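*Asks:* heads up, no residue letters with this:
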C-alpha cells in the first residue's frame, strides 16, 4: 500500500519529502480502513445472527450477542489491516511491528475471554452443569492465557525469546514473591473477587471472624474499602475476603425482602390440652376460626376410628394450647401486610431445655431498609408477647432479684 500511495503522490506532483507524506497518508488510510472493516464485520455478522435469532430463537445466539462476541472478533481486523498497510514502511518499522504484535495479542485475549464466557453460559443451560460445574476450569484457562499473553507482550517489547525470558525471570520472581508477598496475595485475591463476582460496590457484607459489618464503597486490586454503619471507614485486605468466610447481603437486596429469624421461650409448665371452654374462646379469634373448625373435624374423624376410651385425655388426639398458639402466630403473619407472602414463612419449636420450649419465627419483610425492618420485627414480637397469655401460656424468664425479694416477703 505504501508503494501505491507514493506512486499516486508522484503523479499529482508531490516529490519533496515523498517518503514522509506517503507514510502519513498510508497510516491515515490504514486507520480509516480499520474502522470501516471493523464496522462492516461487526454489522454484517451481528445482523445475520440477529435475523436468524428472530426467525428461530436460539439460546446460543442470545449468549453470543449478550457477550458481544462478534464485536470483539471484529477488532481482529485492526491489527491485520494495520500490518498490511504498514509492512512496506521502512521508517520506524520495528516500532510498528511491536505495536501491531501487542495489539494482536490483546485483541486475541479479549476474544478468548468472550469465548470462555459464552462456553460457560451455554454449558449452564444443561442440567449436568449443576453437578459438574466448569466455571473454575474456564477461569484457570483464562488466567493461564493471560499469563502467557503477558509474557508474549513483555518478550515483544524487549525483543527476547519468550522461553529465554521465562528463564531469566525465574530467580527474580522468587525474590519478589518473598518481598512482596502481601501485595501479591492481595493482587491475586482482587482478581478472584472480580472474576468470581463475589463483591460489588454498595454490597453490604458481614465478616463474623473480624467483627466487621458495612457497605463496600471501593474495590481495588489489593484492598476492599468498607463504610461501617457508624460511618467509620476501614480497609480490608482483599485476600481476607478470599481466605475467610464473609456474608454478602446482595441477594437480600436484589430480592427486596429481609428475613426475620428470632426465637422466644415458653414456660413448659403452662402447656395443656384444650378443654371445651378454651376451644370456644379460641373460636372467637377471627384468624383462628377456620383453623379451629378444620382441626376439630380432623381430630373427630381420627378419634371416631379408634376403639379406646376417649374419656381419658391420653387416648386419641387433642388440641393443645401451644399448638393453637403456633397456628395463631402463623395466621397472624399470613395476614400481616408487611410480610412477604411469596417467601418462606414458618413458626416452629426448637429442642427444649432447662429454660423452657424455644419457639422460632421465620418470615420475610417486604423491605430491606433497616429502620423499617426493625420496626416491623418489633411490632410483630410486641404483639406476640402481649397476646401469649390469652392462650394460657407465659414467656420463660429467669428469676431476678425482684422475684427473690417478693418470695422472702411472702415468707
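*Replies:* Here it is on my side, so go on. The structure presented is a predicted model; accordingly, all values stated were derived computationally and were not measured.
*Asks:* Please parse this protein into its domains.
*Replies:* Per automatic domain parsing, the structural domains of the chain span 2-179, 198-249, 258-305+315-391.
*Asks:* Straight-line length of the shortest one, end to end?
*Replies:* Domain 198-249 has an end-to-end distance of 11 Å (C-alpha to C-alpha, to the nearest Å).
*Asks:* The strand or helix carrying residue 213 pairs with which strands, and in what direction?
*Replies:* Following DSSP states H and E, one finds residue 213 within strand 212-219. Applying DSSP bridges, strand 212-219 is found paired with strand 204-207 (antiparallel), strand 223-228 (antiparallel).
*Asks:* re earlier: need the domains of the chain in JSON lines (columns: mean neighbour count, mean pLDDT and distance to residue 188).
*Replies:* No exception for glycine: its C-beta is placed from N, CA and C like everyone else's. Formatted as JSON lines, the domains of the chain follow (neighbours: other C-beta atoms under 10 Å; pLDDT from 0 to 100; distance: least, C-beta to C-beta, whole Å):
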{"stretch": "domain 2-179", "mean neighbour count": "14", "mean pLDDT": "69", "distance to residue 188": "9"}
{"stretch": "domain 198-249", "mean neighbour count": "15", "mean pLDDT": "83", "distance to residue 188": "7"}
{"stretch": "domain 258-305+315-391", "mean neighbour count": "15", "mean pLDDT": "90", "distance to residue 188": "33"}
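*Asks:* what's the closest of those to residue 187?
*Replies:* domain 198-249 (5.2 Å; C-beta to C-beta).
*Asks:* And the strands paired with strand 212-219: which comes nearest residue 392?
*Replies:* strand 204-207 (39.8 Å).
*Asks:* Can you list the neighbours in contact with that closest one?
*Replies:* Strand 204-207 has contacts (C-beta atoms under 8 Å, 6 or more residues apart in numbering) with 199, 212-216, 226, 236, 240-241, 244-250, 253.
*Asks:* hmm, 10 Å instead?
*Replies:* Here strand 204-207 makes contact (C-beta atoms under 10 Å, 6 or more residues apart in numbering) with 198-199, 212-216, 224, 226-227, 229, 236, 240-241, 244-250, 252-253, 368, 370.
*Asks:* do stretch 108-115 as well
*Replies:* Contacts of stretch 108-115 (C-beta under 10 Å, 6+ apart): 64, 67-76, 79, 138, 141-142, 145-146, 148-150, 152-153.
*Asks:* So which of these are in helices?
*Replies:* 64, 69-74, 79, 138, 141-142, 145-146, 148-150, 152-153 (DSSP state H).
*Asks:* From residue 74, how far off is residue 40?
*Replies:* Taking C-beta to C-beta, to the nearest Å as the measure, residue 40 falls 8 Å from residue 74.
*Asks:* same check, this time on residue 141
*Replies:* Taking C-beta to C-beta as the measure, residue 141 falls 23 Å from residue 74.
*Asks:* Can you give me the pLDDT of residue 190?
*Replies:* Looking at residue 190, its pLDDT reads 69.
*Asks:* what helices or strands is whichever strand or helix holds residue 239 leaning on?
*Replies:* For residue 239, the enclosing helix or strand under DSSP H and E is helix 238-243. Using 3 or more C-beta pairs under 10 Å, 6 or more residues apart in numbering; DSSP states H and E, the elements in contact with helix 238-243 are helix 181-196, strand 204-207, strand 212-219, strand 223-228.
*Asks:* Relative to the whole chain's centre, how far out is whichever helix or strand comes after that helix?
*Replies:* As assigned by DSSP H and E, the chain's next helix or strand after helix 238-243 is strand 247-248. Chain-centre distance of strand 247-248: 9 Å, with C-alpha atoms, centre = their mean, to the nearest Å.
*Asks:* If you count neighbours, what's buried in the helix or strand just after strand 247-248?
*Replies:* Using DSSP H and E, the next helix or strand after strand 247-248 towards the C-terminus is helix 250-255. Residues residue 250 are the ones in helix 250-255 that count as buried (16 or more other C-beta atoms under 10 Å).
*Asks:* No further queries at this time; thank you.
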